[in-house]
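In: The following block contains a protein sequence and its predicted model.
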Number of protein chains: 2
Amino acid sequence: MTSSTNKGKVNPDLINERNKCTFNTLELTHLLDGDEVKTKERKSRESFFLDDADLKTEVPIEYLSHKEKYEEAVRKACIVFRKVQQLQNEGKAGVDNYREILGGQLGSALLKDGHPLTLHYVMFIPTLMGQATIQQQAEWIQKAWSCNIIGTYAQTELGHGTFIRGLETIATYDPKTEEFVLDSPTLTSYKWWPGGLGQSANYAIVLAQLYTLGKCHGIHPFIVQLRDEETHEPLSGIIIGEIGCKLGMNTTNNGYLGFNKVRIPRTNMLMKNNQVLPDGTYVKSPSSKLTYGTMIFVRVVLVQDAATYLKKAATIATRYSAVRHQSQIKPNEPEPQIIDFVTQQHKLFPYIATCFAFQYSATWLWELYNNVTGELESGHLDNLPELHAASCVLKAVSSADAALGVETLRLACGGHGYMTSSNLPTTYGLVTAMCTYEGENTVLLLQTARFLIKIWQNKTNVTNLPTVRYLQNSLNRNSPFEKTVSWIISALQQTATGKIDLANRHINERVKKGEAYEDAWNNTSIELVAAAEIHGRTFIVETFFSTVQKLRKQTSVELGTVLSQILELYAVYTILRSTGDLLRFTRTSSQDIELLQGWLEELLAAIRPNAVGLVDSFDMRDEVLASTLGAYDGNVYQRLFEEAQKSPLNSEPVNKSFHLYLKPFMKSNL
Amino acid sequence: MTSSTNKGKVNPDLINERNKCTFNTLELTHLLDGDEVKTKERKSRESFFLDDADLKTEVPIEYLSHKEKYEEAVRKACIVFRKVQQLQNEGKAGVDNYREILGGQLGSALLKDGHPLTLHYVMFIPTLMGQATIQQQAEWIQKAWSCNIIGTYAQTELGHGTFIRGLETIATYDPKTEEFVLDSPTLTSYKWWPGGLGQSANYAIVLAQLYTLGKCHGIHPFIVQLRDEETHEPLSGIIIGEIGCKLGMNTTNNGYLGFNKVRIPRTNMLMKNNQVLPDGTYVKSPSSKLTYGTMIFVRVVLVQDAATYLKKAATIATRYSAVRHQSQIKPNEPEPQIIDFVTQQHKLFPYIATCFAFQYSATWLWELYNNVTGELESGHLDNLPELHAASCVLKAVSSADAALGVETLRLACGGHGYMTSSNLPTTYGLVTAMCTYEGENTVLLLQTARFLIKIWQNKTNVTNLPTVRYLQNSLNRNSPFEKTVSWIISALQQTATGKIDLANRHINERVKKGEAYEDAWNNTSIELVAAAEIHGRTFIVETFFSTVQKLRKQTSVELGTVLSQILELYAVYTILRSTGDLLRFTRTSSQDIELLQGWLEELLAAIRPNAVGLVDSFDMRDEVLASTLGAYDGNVYQRLFEEAQKSPLNSEPVNKSFHLYLKPFMKSNL
């Protein structure tokens, strides 16, 4: 199936693995995409971009200088945007599906280490659409839509991240000229991190503390021109540049931005929600909660991205493990495929299962997001706290586990996983960033914990809150061990409840001892984070379970069996990560843990023949994997060797440093 | 103390932290170095290298192209080697302490991302000294010692890593010409990974399968010239180059090497242990186990390196956490230092404690290594298996935990930890590599498990084997919870014993069911790895405990108290990582876990005022930390901003890509 796009003689080990597979990988691909039509659409989009010769790079970017990397990225970014516009003109793309087109999988194939213009579509235009008035939209949307201006979104500052209220940039209204004066009062108030801000964008949405008539009204969005539209020179009072190299995303052109009394018209404040009138009067919107949705949206998307990055790494590591031979299981036998070592299976298969688990949770969260934002439009806010809590914990757990997964899979490829050409290091660079941006994970887990503790303390009726419904069963001890996923879910729910209850008791005890509630909260926060984490994982298992129950009604028997096995594997693996809590908070016995361990080992053996088939079903083109270790044909060693030839150091037999430094040194002691 | 080398006005938060410290940091620095004289010697060595203006780089290397990075690294490497020779000439350095001079701390300060010539001193010369005959040493050592030739050590192949017996490179003896013919029969037999092999070294020790008189005698070392001594051109039949970019160590110039029937004289086989006579007769040494020691040596060194890298990251993250203000603990109070969040303390302090734990284990292992290799010289091999098992597990546990620690500390610095200028990404690149090289961690843990199971099955007398002595207490259930480190050690020992016993039972059960022993071993390997891991951690806690007991006799009361606190923290943190096993294999109750958690929280609070003092005591110069976030003066934001200015993208207001690509695109839709 994928072979059409992946020429070359296939490694016999992989042929063998594919022959062993017990299900139809194409059926699973369609299921993962949605249906056959969606698979076709995706593949045609992939061809549209990936077969474009202008989007290929001869020298791998890792060999270029930082500046050259950026220049090559801008070249490609413009071609990519032009192609996106072409799709729009053909009615194949709209304002809201840029991410669908270029999110995770395809985007990272085109611009391996970040796209310098991406925030234009992902944050600049959406913010205009969400926060600008009709008049403002009339002024700006067309220009933005046809890319006559390129914008970014400037929120985070050098001294301020997740805690938005702490931002320092100031926008003071001057009623005399009907302008805002933007100013950076301190070094820590400089904007820092926005993608494309360095040398690329010429406009930005800037978040700043609004002052009018001597009073501060908190953070508001302003549209600010940064660079001249003709010359691209920074405008007067704009101090701008890029922030420098990072662990990854080195072609996103993250920038810094300072304001030295920069004046913008009053009408450049985005006023859909709150307004400043010409005389300086501040008019507050009654529905300021509406601004909330956009922040949650990005977290929803990240859960899907976590699944995508993990699929990529799982495909690479699984194919490599089928091709690589090493060590011995029995003396005098040939070196086995490393995928036959049970310790290796233990590194690979649970993360294959996790790809499904995250994808299904992402789908669930996406539906909840759409429902709740629909309700918001009609003024119904009841389900917002749960959406907020669910998006926090799912973003935190999925990004943390995906990062751990990608790194585990990289290490499972031994030394070759350390090669840039494996694409595992770059993938890790992208996925670990997700643990920090759009809300640092520990902070997000504490937000979810706050929601859980509030429900627990107030004994809120949770019947209509799907993520916390289990809390109503209170502390009923769960039933004796059964070898079913239902049992695992109920045991996990019991554990989560127990941990929430215990953390709550510890807060109360501290308060009783005289601590302020906030100090008691802080002093209990290690347990609160742990409670939120297991709550999140429990919900992921539950969602995986209910999804597979639904899907099995439509799949072949063979595929249904495999789906159940990977569900079971994810469930058993997850609960075995928490044996301590399981023993503490449920009636589970030490013997039950042994049975769970045995079940895990059975599942690894059951999945073994289908491992390559499962990752084949993710249907990632070689250009998407971009990996010497993960290509469809499995010709790992040839690719490693060919890729090494691309190093500019290998283009000449003797590097000049020999004559300049090495020879004089070596001869000096003769 | 460190301030003398770190100019600039110190951040008031750090002054405040330093004033709070309850012990004398200088006393701890001396203790960690050994004594005051050793501290002085270290600092003088650091000045000798770090104050040399020629060893400074204007543009940070991350902005250079791959080729430029290499050329700059060779320039510096030659200066560093010349300075090492100067120290040798002054009698301040010998053949055996190159690593002491340039290991972890100082080495990574001079050549941030790897030294292209380092294997010359670290592996080439030591192998000559260990494996060459007296005549061979006479021929080679002087040339190597004065760097008239530069060597590397070529063992790993494209298709073969940890499993050395699988190497494919062939050396066939030709008695007619009294030469060996080196050949690479397959692509997978190409040497791959040796540092400095790409473009730097002109000689290598090559490991190859020795064939003589039609028989294979396994892996032997050969000295092979790779490049012409005058022109540096690769010699005929030598296929050589670098392997390309990696996650880290991009200036180590890792290379590949293929042989097309390359002839070398018979006398180029290193023959101290085994010999091939002119007529082709193979003479086996009676003491081939002697070659064993060198391999173990490197693992011993890595435990120390794990401590060093972790110290670096802990210093950076702790100082940053004292300077960074964010969020709120109580409403209407100023944003607190993030080090006041208990979740942050939980990320930082256990890893500060781990630095001590690893350093003391490294010291212990170093002594064992010296004792056992001393015994080997006199033919006494009894303690070799324990040394092997201990070096495997300590290397595996310390590298894995140090990598996890560095990454946890990086993430604890939020977005700024993602900046290359924090030096945390580069440090992670160096430390995570240790999980793979010199024996992949899972393979090493299984080696230790093999030792443990053998002892358990044979009921070996363990009285004289310090790392496994606890196994003689068999499965006696441990005593009720006491708030002491002794209790923790005995509980951990009980747990390790329980896990070894259970894994052994599972092997036996599988054998009884008809599985071959090797299959039963493989099928139980997840449990075996876990057993070895907890065995290793138990020993690290025990060694920390006995070291602190000894040290407290010589320290001030204040320092003694702090040492005990960090010991307790490491012990409690370690046992809380294994609550599941603790509940399964000991009499510990759920309530005891609560008490342990409370103890952990008390310790975090107790250590809080001394956190900065503790990392100050590591006494790492700013040049060693090389971090915008970790400098002694804590001027984080100024440094981040100044460092960003060094990006070549910031040296011009408009990058050429605007005119070339961006402007034409933006104007095209007007």
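Out: Ah, there it is. Numbering: from 1, shown residues only, chains lettered A, B, ... in the order given.
In: Can you pull the residues of the stretch 101-250 of chain A lying near chain B?
Out: A:146-150, A:156, A:158-163, A:166, A:187-188, A:190, A:192-193, A:198-200, A:231-234, A:241-248 (CB under 8 Å from any CB of the partner chain). C-beta coordinates here come from the backbone N, C-alpha and C atoms, glycine included.
In: Which ones among these map onto strands?
Out: Residues of these located in strands (DSSP state E): A:Trp192, A:Gly241, A:Glu242.
In: What is the nearest of the residues you listed to A:Val615?
Out: A:Val615 lies nearest to A:Glu242 out of those, by CB to CB, at 36.7 Å.
In: The closest one pairs with what?
Out: On the basis of DSSP bridges, A:Glu242 is bridged to A:Gly255.
In: The most centrally placed residue in chain A is in what secondary structure piece?
Out: The centroid of chain A falls nearest to A:Leu302 when counting by CA atoms, centre = their mean (3.6 Å). Following DSSP states H and E, one finds A:Leu302 within helix A:292-323.
In: and the stretch 401-550 of chain A, which of its residues are near chain B?
Out: Counting by CB under 8 Å from any CB, the residues of the stretch 401-550 of chain A near chain B are A:407, A:411, A:414-415, A:417-421, A:425, A:428, A:432-433, A:435-437, A:440-443, A:446, A:502, A:516, A:518-519, A:522-523, A:525-527, A:529.
In: Can I get the buried part of those as one PyMOL selection?
Out: Selection of buried members from those for PyMOL, criterion 16 or more other CB atoms under 10 Å in any protein chain shown:
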select buried, chain A and resi 407+411+414+415+417+418+419+420+421+425+428+432+433+435+436+437+440+441+442+443+446+502+519+522+523+525+526+527+529
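In: Which members of the residues of the stretch 401-550 of chain A next to chain B occur in helices, if any?
Out: Here DSSP state H is the test, and these give A:407, A:411, A:425, A:428, A:432-433, A:441-443, A:446, A:502, A:518-519, A:522-523, A:525-527, A:529 as lying in helices.
In: now stretch A:584-591, how far from the centre of its chain.
Out: Relative to its chain's centre, stretch A:584-591 lies at 35 Å (CA atoms, centre = their mean, to the nearest Å).
In: Then stretch A:454-471?
Out: The answer for stretch A:454-471 is 28 Å, by CA atoms, centre = their mean.
In: what do you get for stretch A:216-228?
Out: Between the centre of stretch A:216-228 and the centre of its chain there are 27 Å (CA atoms, centre = their mean).
In: what do you get for stretch A:548-565?
Out: 27 Å.
In: List the buried residues of the biggest helix by length in chain A.
Out: If you go by DSSP H, chain A has its longest helix at helix A:342-377. For helix A:342-377, a neighbour-count test (16+ other CB under 10 Å) marks A:342-365, A:368-369, A:372-373, A:376 as buried.
In: contacts with chain B among those, please.
Out: A:Val342, A:Thr343, A:Gln344, A:His346.
In: ok, for A:Asn508, nearest residue in space, not its chain neighbours?
Out: A:Ala520 (7.8 Å; CB to CB, 6 or more residues apart in numbering or on different chains).
In: Okay, the one you found and A:Asn19: tell me how far apart.
Out: 61 Å (CB to CB, to the nearest Å).
In: Looking at those two, which has the bigger crowd around it?
Out: The neighbour comparison of A:Ala520 against A:Asn19 (other CB atoms under 10 Å in any protein chain shown) goes to A:Ala520, with 19 against 9.
In: Give me the local confidence score for the more buried one.
Out: According to the prediction, A:Ala520 has pLDDT 98.
In: Any chance you could list what contacts stretch A:573-590?
Out: Outside stretch A:573-590, the residues that touch it by CB atoms under 8 Å, 6 or more residues apart in numbering or on different chains are A:350, A:353, A:477-481, A:488, A:491-492, A:494-495, A:497-499, A:502, A:530, A:534, A:537, A:540-541, A:593, A:596-597, A:600, B:578-584, B:590, B:593.
In: Give me the subset of those that lies in helices.
Out: A:350, A:353, A:488, A:491-492, A:494-495, A:497-499, A:502, A:530, A:534, A:537, A:540-541, A:593, A:596-597, A:600, B:579-584, B:590, B:593.
In: Narrow those residues to those that are buried.
Out: A:350, A:353, A:488, A:491-492, A:494-495, A:497-499, A:502, A:530, A:534, A:537, A:540-541, A:593, A:596-597, A:600, B:579-584, B:593.
In: just to revisit the earlier point, the residue nearest to A:Asn508 contacts A:Arg505, doesn't it?
Out: No: with contacts counted by CB atoms under 8 Å, A:Ala520 stays clear of A:Arg505, the gap being 11.0 Å.
In: In CSV, list the C-alpha atoms belonging to stretch A:608-620.
Out: The C-alpha trace of stretch A:608-620 is given here as CSV (Å, rounded to 0.1, in the frame of the first residue of the first chain):
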residue,chain,number,x,y,z
ARG,A,608,4.6,-9.2,18.2
PRO,A,609,3.5,-10.6,14.8
ASN,A,610,1.4,-7.5,14.1
ALA,A,611,3.9,-4.8,15.3
VAL,A,612,5.1,-3.8,11.8
GLY,A,613,1.6,-4.1,10.4
LEU,A,614,0.3,-1.7,13.1
VAL,A,615,2.9,1.0,12.3
ASP,A,616,2.5,0.4,8.5
SER,A,617,-1.2,1.3,9.1
PHE,A,618,-0.2,4.7,10.3
ASP,A,619,0.7,5.1,6.7
MET,A,620,3.4,7.7,7.1
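In: quick one: that stretch to chain centroid distance?
Out: 22 Å.
In: Pretty sure A:Glu386 sits against A:Phe451.
Out: Yes: the criterion here is CB under 8 Å, and A:Glu386 meets it with A:Phe451 at 7.4 Å.
In: Flag the shaky bits of the stretch 51-200 of chain A, pLDDT-wise.
Out: Applying pLDDT under 70 to the stretch 51-200 of chain A flags residues A:94-97, A:104.
In: now the helices: where do they sit in it?
Out: A:66-89, A:98-102, A:104-110, A:118-119, A:125-131, A:134-145 (DSSP state H, counting those that start in this stretch).
In: what's the most buried one of these?
Out: helix A:118-119 (a mean of 26; mean count of other CB atoms under 10 Å in any protein chain shown).
In: which other helices and strands contact that helix?
Out: strand A:151-154 (3 or more CB pairs under 8 Å, 6 or more residues apart in numbering or on different chains; DSSP states H and E).
In: ok, residues contacting the strand it packs on?
Out: A:119-120, A:123-125, A:127-128, A:144, A:191, A:194-197, A:200-207, A:223-224, A:255, A:257.
In: Try it again at 7 Å.
Out: Residues from elsewhere that reach strand A:151-154, judged by CB atoms under 7 Å, 6 or more residues apart in numbering or on different chains: A:119-120, A:123-124, A:127, A:144, A:191, A:194-197, A:201, A:203-207, A:257.
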